[in-house]
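>>> fold the following for me, if possible:
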Amino acid sequence: MRGSTARLLGATTAAAWLALAATAAAPSRPIPARGAARAYAVRIIVPGAEGGGTEEVTAPPDTVSLGGSFSFPEDGSIVTTGSATASASSSVAASVRAQASAEVVSFSLFGGEITAERITARSRASASRKAAAGDTTGTAVTNLTVLGQPAPEGLVQLADWGYADVSRGTAAPLATRGANAYRSSALALSIRLTAAHAGLPADTQILVGFAEVTAQAAKVSPRPAERPEKPRPPRRPAVPKNPPEPAQPTGPRSTPRVPGGVAPRLTPRGYVFPVYGPSSWSDDFGVPSRIPSIGFHHGIDIFAPLGAPILAVNDGVVFSVGYIPIGGNRLWVRDEQGNQFYYAHLSGFSPLAVNGRPVQAGDVLGYVGNTGDAKGGPFHLHFEMHPVGLLRLGYDGVVDPARYLAAWQHLQDVDFPAGGSSAGGAAWASHPSSGSAPVPGAFLLQASDIAQASGLDRSSLEQALAGRVRGEGDSALIARR
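Okay, here's the model as predicted:
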């Protein structure tokens, strides 16, 4: 989904946030007051190689890093900065307070392809027994230029090799079984490569200006009731037929905890990779979402060209085909075990994308795009896995798809018959509901703007569009007025 940044938290931060929620695991125990903070100025993550970055600071105890200029590598051919500083502090008293900041002056990337005068990230949070609050006020990128042009806030396409994301951060309450808690997180500028560039491989990330804090107030255990209620037999939670969709943004909600300890048997046997052809992805599952109503990134973004075929990962049934504001064109597939898979941001559907239609592994269900809240961003498939054992949790019942995607088979060939079935056109015609979806006249595999092609004279194109068609039969001429 839009705005995801791969491995933003990392194992250390994810463990810290989960530890806060775990303090409420035992109903009879009190919840202690805690505060934590961390920050860094620059971090470069290179897949399969050693990256680099400035010093990361954490609290407690309070820590400050006053750095001079920074270069990566040593010759500065990729990143150079002026001063780079970071600080983190926390205190636990009548109320818990935590704050973190990072600042970079005179940032330059790829020899000046991306520059900024100043990049600042600030996060604050406080919590007491009465209330909790936080903000990322002060997070900003000053005078950002991308490929020689001023860049706005949000996602910015970087030619055909990546994108930049300018963000002011997020702040929201934490769910800790009644104890007031708050988390604020800011990543001012992130750059992600979707193709190799300047000697770096695809999926490389450059993160600039990161500050994250959490504050949790103490909660005293309630006194036991004099007359305990008669225990009631546990109710078996009802398994919903369909998981709830991602909610339309309406304001912050309590950030859900990423489910853990579930390993569905989705082995390579019988499962195929959901995108056909060249693609790239990294494990950005569980990072904070820019949409407060969602909380965390529930899946993985798989980047591929516009129109790349999207495939059924296993034999199953298609359901919930349609459009929603966040996911855009989306559909679900339920496999024969009852596990459910969510596909979002499609540019369009194939004729097999019909509610209730059986499909086989490798069937073409639709095509890669950027619809919904991904509009204007890089083309990709947002893919989620909802195992049958977690369906009781609704939309939050997900697992990290990374290790499964890495193991599943990449198909070397797919069929594009009139019905799109891997069994051929006869299989499509055998279904009486085949008329529920239109039969395509053509399949879009990739698109580009010819007006941007080198050597094309825009005035010639404008003259052609201003002309009128004259001719007879199959012959026609475009004439100037």
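>>> would you double-check that Tyr404 falls in a helix?
Yes - counting by DSSP: H, G, I helix; E, B strand; the rest coil, Tyr404 is part of a helix.
>>> that one contacts Phe273, doesn't it?
No - checked against C-beta atoms under 8 Å, the pair Tyr404 and Phe273 is beyond contact range at 9.5 Å. The way it works is simple: take the backbone N, C-alpha and C, and place the C-beta from them, glycine included.
>>> and Ala59, what are its bridge partners?
Ala37 (DSSP bridges).
>>> tell me the contacts of it?
Neighbour list for Ala59: Gly35, Ala36, Ala37, Arg38, Ala88, Ser89, Ser90, Ala98, Ala100 [criterion: C-beta atoms under 8 Å, 6 or more residues apart in numbering].
>>> now do the contacts for Ile302.
Ile302 touches Pro274, Val275, Ser279, Ser280, Trp281, His380, Leu381, Phe383, Leu405, counting by C-beta under 8 Å, 6+ apart.
>>> for Leu306, see how far away the last one is.
From Leu405 over to Leu306 the distance is 21 Å, taken as C-beta to C-beta, to the nearest Å.
>>> okay, now Glu336: neighbour count?
11 (other C-beta atoms under 10 Å).
>>> shaky segments in the protein?
Applying pLDDT under 70 to the chain flags the ranges 1-29, 175-178, 220-269, 291-294, 416-481.
>>> now the strands for the stretch 101-250 of the chain?
114-127, 132-135, 140-142, 145-146, 149-150, 154-158, 162-166, 170-173, 181-193, 205-216 (DSSP state E, counting those that start in this stretch).
>>> same list (these) but as TSV, adding mean neighbour count and distance to Ala312.
Below are the strands of the stretch 101-250 of the chain laid out as TSV (neighbours: other C-beta atoms under 10 Å; distance: least, C-beta to C-beta, whole Å):
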stretch	mean neighbour count	distance to Ala312
strand 114-127	24	39
strand 132-135	21	42
strand 140-142	18	41
strand 145-146	18	38
strand 149-150	8	41
strand 154-158	18	29
strand 162-166	21	28
strand 170-173	21	34
strand 181-193	26	28
strand 205-216	28	30
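>>> distance to Val42 added to those, as CSV?
Shown next, in CSV, are these (distance: least, C-beta to C-beta, whole Å):
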stretch, distance to Val42
strand 114-127, 9
strand 132-135, 23
strand 140-142, 13
strand 145-146, 18
strand 149-150, 22
strand 154-158, 18
strand 162-166, 14
strand 170-173, 21
strand 181-193, 10
strand 205-216, 5
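>>> so which of the ones you listed is nearest Gly51?
strand 205-216 (8.5 Å; C-beta to C-beta).
>>> who are the packing partners of the closest one?
helix 10-22, strand 34-45, strand 84-92, strand 96-109, strand 114-127, strand 132-135, strand 181-193 (3 or more C-beta pairs under 8 Å, 6 or more residues apart in numbering; DSSP states H and E).
>>> quick check: Ser355 touching Arg334?
Careful, residue 355 is Asn; it's not Ser. No - taking contacts as C-beta under 8 Å, Asn355 lies outside contact range of Arg334: 11.3 Å.
>>> got any residues that touch both of these two?
Phe319.
>>> give me the more crowded residue out of those two.
Each of Asn355 and Arg334 has its neighbours counted (other C-beta under 10 Å); Arg334 has more, 20 against 15.
>>> name the SS class of that one, please.
Note that with three-state DSSP, the state of Arg334 is strand.
>>> one more: Asn355?
With three-state DSSP as the criterion, Asn355 reads coil.
>>> before I go, just wanted to say thanks for your time.
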